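Asker: what's the 3D shape of this:
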Amino acid sequence: ASQTDKTESEVLFAVSDEHLSIAEIAKLTVEHIGSGRVTFVDWPLGRKNIDIGDAIISNKKIKKLLGWAPQFDIRTGLDLTKNYYQPCLEKYFP
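Answerer: Down below sits the predicted model:
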(Lines give C-alpha, C1' and ligand atoms only; values in the text may rest on other atoms or scores of the structure.)
Protein backbone atom coordinates (compact mmCIF):
# COMPACT_ATOMS: atom_id res chain seq x y z
CA ALA A 1 0.00 0.00 0.00
CA SER A 2 1.25 3.41 -0.89
CA GLN A 3 2.09 5.70 1.99
CA THR A 4 2.53 8.78 -0.16
CA ASP A 5 1.22 10.09 -3.47
CA LYS A 6 4.79 9.98 -4.82
CA THR A 7 4.76 6.19 -4.75
CA GLU A 8 1.19 5.45 -5.79
CA SER A 9 1.19 2.95 -8.69
CA GLU A 10 4.99 2.74 -8.57
CA VAL A 11 7.03 -0.46 -8.37
CA LEU A 12 9.85 -0.03 -5.86
CA PHE A 13 12.65 -2.44 -5.04
CA ALA A 14 14.19 -2.33 -1.56
CA VAL A 15 17.45 -4.00 -2.58
CA SER A 16 21.15 -3.60 -1.94
CA ASP A 17 23.44 -1.36 -3.96
CA GLU A 18 25.41 -4.50 -4.85
CA HIS A 19 24.20 -6.33 -7.97
CA LEU A 20 24.36 -10.11 -7.59
CA SER A 21 23.32 -12.95 -9.85
CA ILE A 22 20.88 -15.58 -8.63
CA ALA A 23 23.81 -18.01 -8.48
CA GLU A 24 25.81 -15.60 -6.29
CA ILE A 25 22.83 -15.10 -3.97
CA ALA A 26 22.33 -18.87 -3.71
CA LYS A 27 26.01 -19.49 -2.96
CA LEU A 28 26.10 -16.74 -0.32
CA THR A 29 22.94 -18.13 1.27
CA VAL A 30 24.44 -21.62 1.59
CA GLU A 31 27.69 -20.16 2.90
CA HIS A 32 26.10 -17.92 5.54
CA ILE A 33 23.27 -20.24 6.60
CA GLY A 34 25.71 -23.12 6.84
CA SER A 35 23.71 -25.82 5.09
CA GLY A 36 22.23 -26.72 1.73
CA ARG A 37 23.82 -26.81 -1.69
CA VAL A 38 23.57 -25.05 -5.02
CA THR A 39 22.77 -27.21 -8.03
CA PHE A 40 22.66 -25.87 -11.57
CA VAL A 41 20.03 -27.37 -13.87
CA ASP A 42 18.95 -26.57 -17.40
CA TRP A 43 15.93 -24.31 -17.81
CA PRO A 44 12.89 -26.50 -18.63
CA LEU A 45 12.11 -26.36 -22.36
CA GLY A 46 8.38 -25.97 -21.74
CA ARG A 47 9.04 -22.87 -19.68
CA LYS A 48 11.34 -21.07 -22.09
CA ASN A 49 8.64 -18.49 -22.86
CA ILE A 50 8.66 -17.22 -19.25
CA ASP A 51 12.45 -16.89 -18.96
CA ILE A 52 13.13 -13.18 -18.45
CA GLY A 53 16.83 -13.55 -19.15
CA ASP A 54 19.22 -11.22 -17.38
CA ALA A 55 17.68 -8.49 -15.25
CA ILE A 56 19.21 -5.91 -12.95
CA ILE A 57 16.97 -4.84 -10.09
CA SER A 58 17.72 -1.30 -8.99
CA ASN A 59 16.95 0.70 -5.87
CA LYS A 60 17.36 4.07 -7.62
CA LYS A 61 13.64 4.83 -7.68
CA ILE A 62 13.00 4.04 -4.00
CA LYS A 63 16.01 6.14 -3.04
CA LYS A 64 14.77 9.07 -5.13
CA LEU A 65 11.10 8.92 -4.10
CA LEU A 66 11.44 7.98 -0.44
CA GLY A 67 15.03 8.71 0.48
CA TRP A 68 15.40 5.04 1.38
CA ALA A 69 18.82 3.41 1.61
CA PRO A 70 19.89 -0.14 2.46
CA GLN A 71 21.18 -0.57 5.99
CA PHE A 72 22.94 -3.90 5.48
CA ASP A 73 24.78 -5.73 2.75
CA ILE A 74 23.53 -9.21 1.81
CA ARG A 75 26.12 -11.00 3.95
CA THR A 76 25.10 -9.12 7.09
CA GLY A 77 21.43 -9.60 6.21
CA LEU A 78 21.87 -13.35 5.84
CA ASP A 79 23.74 -13.56 9.15
CA LEU A 80 21.03 -11.53 10.92
CA THR A 81 18.31 -13.71 9.38
CA LYS A 82 20.06 -16.90 10.47
CA ASN A 83 20.62 -15.60 13.99
CA TYR A 84 16.96 -14.59 14.27
CA TYR A 85 15.39 -17.82 12.99
CA GLN A 86 17.86 -20.44 14.23
CA PRO A 87 16.68 -20.46 17.88
CA CYS A 88 13.05 -21.03 16.83
CA LEU A 89 13.36 -23.35 13.80
CA GLU A 90 11.12 -25.95 15.49
CA LYS A 91 8.19 -23.53 15.17
CA TYR A 92 8.66 -23.41 11.40
CA PHE A 93 9.78 -27.00 10.81
CA PRO A 94 8.13 -29.20 13.47
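Asker: which element is Pro70 on?
Answerer: Take DSSP states H and E as the rule and Pro70 turns out to sit in neither a helix nor a strand.
Asker: backbone phi and psi for the residue nearest the centre of the chain, please?
Answerer: By C-alpha atoms, centre = their mean, the mean C-alpha position of the chain lies nearest to Val15, the distance being 6.9 Å. The phi/psi pair for Val15 (degrees, to the nearest 10) reads phi -130, psi 170.
Asker: quick check: it vs Thr76, distance?
Answerer: 14 Å (C-beta to C-beta, to the nearest Å). The C-beta positions use only the backbone N, C-alpha and C, and glycine is treated the same way.
Asker: thinking again about what came up before, for the residue nearest to the centre of the chain, give me its contacts.
Answerer: Ile57, Ser58, Asn59, Pro70 (C-beta atoms under 8 Å, 6 or more residues apart in numbering).
Asker: let me know the closest of these to Pro44.
Answerer: Ile57 (23.1 Å; C-beta to C-beta).
Asker: and for the closest one, the neighbour number?
Answerer: Number of residues near Ile57 (other C-beta atoms under 10 Å) recorded here: 10.
Asker: what's the separation between it and His19?
Answerer: For Ile57, the distance to His19 - C-beta to C-beta - is 8 Å.
Asker: cheers, nothing more for now.
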